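> everything below, folded, please.
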Amino acid sequence: MKNVFKSTSLFAIMLLFITSSCIKEEEIIEGCNDSAAINFQSEVTSNDGSCIYAYDMAIGIWNIDPDCDDVDILGQTISLNEQMPETIDVQGNGDNSLFIDMNGTQVSGDIDNEGNIVVNEQNIQIDPGLGFPIDVVVSGSGKIESEDSGYMDLTYEFEIPIVGGTEEVDCQLTLTK
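The predicted structure follows:
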């Protein structure tokens, strides 16, 4: 009876040892496992707090270097580069919507998880140096490429006052912080 108890106990211990050694421990890989983050890594099993979000990178004051087409009105060339501010203030309300303040004129846009910006067609007023504001339709796209660089390609479309006719101007803005 003692031998049967010893044999059964020994067998149970060996079985427990064998099965516990077969259980594979899950490898812990730290990093960013939030799919909404720009630095998402699908193989990460433990979020270490390193996630970076495109929306957060976009918020703040950006220096701009504009490269805009010139406008010719009645033989007078107007440079939109000179009309652009040195900086823009990008704000938001936490839901991937952006509000881009350009010298008191607010342009709205959206940013996705990869940093792509879309400025849907919208009406604004700007003063292109004529001494009075004109109605402008603006639209475009861009990308926040890192915490301190990005770009925006905007199209401004407007009617020329008094003269009539429609003008379309493209502007490429290089963004830096």
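
> where does residue 81 land in three-state SS?
helix (DSSP: H, G, I helix; E, B strand; the rest coil).

> start at 54 instead
Yep, numbering from 54; the last one is residue 134 now.

> show me the shaky parts of this structure.
54-78, 181-183, 214-216 (pLDDT under 70).

> domain assignment for this protein?
Domain assignment of the chain by automatic domain parsing yields the ranges 55-100, 107-229.

> can you redo those as CSV with mean neighbour count?
The way it works is simple: take the backbone N, C-alpha and C, and place the C-beta from them, glycine included. Formatted as CSV, these follow (neighbours: other CB atoms under 10 Å):
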stretch, mean neighbour count
domain 55-100, 11
domain 107-229, 15
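
> who's in contact with the residue minimising distance to the centre of the chain?
Central residue of the chain (CA atoms, centre = their mean): residue 168, 2.7 Å from the mean position. The contact partners of residue 168, taken as CB atoms under 8 Å, 6 or more residues apart in numbering, are 91, 107, 110, 111, 196, 197, 198, 203.

> so the last one sits right up against residue 194, yeah?
Read it as residue 203. No. The criterion here is CB atoms under 8 Å, and residue 203 misses it with residue 194 at 11.3 Å.

> list residues touching both of the two?
residue 170.

> phi, psi for residue 111 please.
phi -70, psi -30 (degrees, to the nearest 10).

> and the gap between it and residue 96?
27 Å (CB to CB, to the nearest Å).

> which residues of this structure fall in strands?
Under the criterion DSSP state E, the chain contains strands at 83-84, 99-100, 113-121, 123-126, 129-132, 140-145, 150-155, 158-164, 169-179, 187-199, 202-212, 219-229.

> adjacent strands (with direction) for the last one?
Strand 219-229 has the following sheet partners, assigned by DSSP bridges: strand 113-121 (antiparallel), strand 202-212 (antiparallel).

> ok, residue 188 to residue 206 distance?
Distance of residue 188 to residue 206, given as CB to CB: 21 Å.

> tabulate the contacts of residue 168 (a markdown table), appending distance to residue 125.
Formatted as a markdown table, the contacts of residue 168 follow (distance: CB to CB, whole Å):
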| residue | distance to residue 125 |
| --- | --- |
| 91 | 41 |
| 107 | 38 |
| 110 | 38 |
| 111 | 34 |
| 196 | 31 |
| 197 | 33 |
| 198 | 33 |
| 203 | 30 |
